[in-house]
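[1] Okay, structure incoming, though there's no sequence with it:
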């Protein structure tokens, strides 16, 4: 990717968060297939993961918007 100066459109932090949320989205299905837990247990685990990661995502989005406002 050519250097256009300033912040890149997608940086390493964006890729890290995309990978994290992709793994969290797939994880319940992997658990169902490997551990054979009942569907309601998987639903509770997925809901718990969503509730835990939501504040992290909000903080990340807020930081990205603040960083965008600082750049001219």
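    The structure has been received and is ready for your questions. Values in this document were obtained by computation on a predicted structure and should not be read as measured data. Numbers count the residues shown, from 1 in each chain.

[2] List the residues that contact residue 42.
    Contact criterion C-beta atoms under 8 Å, 6 or more residues apart in numbering gives 28, 31, 32 as the residues in contact with residue 42. C-betas here are computed from N, CA, C, even on glycine.

[3] any idea which element the first one lies in?
    The one in question is residue 28. For residue 28, the element it lies in under DSSP states H and E is helix 12-35.

[4] From the centroid of this structure, which residue is nearest?
    Among the residues of the chain, the one closest to the centroid is residue 21, at 3.2 Å (C-alpha atoms, centre = their mean).

[5] Can you give me the buried ones in the longest helix along the chain?
    Criterion DSSP state H: the longest helix present in the chain is helix 39-70. Residues of helix 39-70 classed as buried under the neighbour-count rule (16 or more other C-beta atoms under 10 Å) are 42, 46, 49, 60.

[6] what's the angle from that helix to helix 12-35?
    Taking axes from the mean of the first three to the mean of the last three C-alpha atoms, to 10 degrees, one finds that helix 39-70 is oriented at 180 degrees with respect to helix 12-35.

[7] Quick one: distance of helix 39-70 to the chain centre.
    On the basis of C-alpha atoms, centre = their mean, to the nearest Å, helix 39-70 is displaced by 7 Å from the centre of the chain it belongs to.

[8] Could you number the chain from 38 rather than 1 from now on?
    Understood, numbering begins at 38; the last thing we discussed is helix 76-107.

[9] tell me which helix or strand of this structure sits lowest on mean pLDDT?
    Comparing every helix and strand of the chain by mean pLDDT, DSSP states H and E singles out helix 76-107 as the least confident one, with a mean of 77.

[10] on that earlier part again, could I get the buried residue list for the helix holding residue 65?
    For helix 49-72, using 16+ other C-beta under 10 Å, the buried residues are 54, 65.
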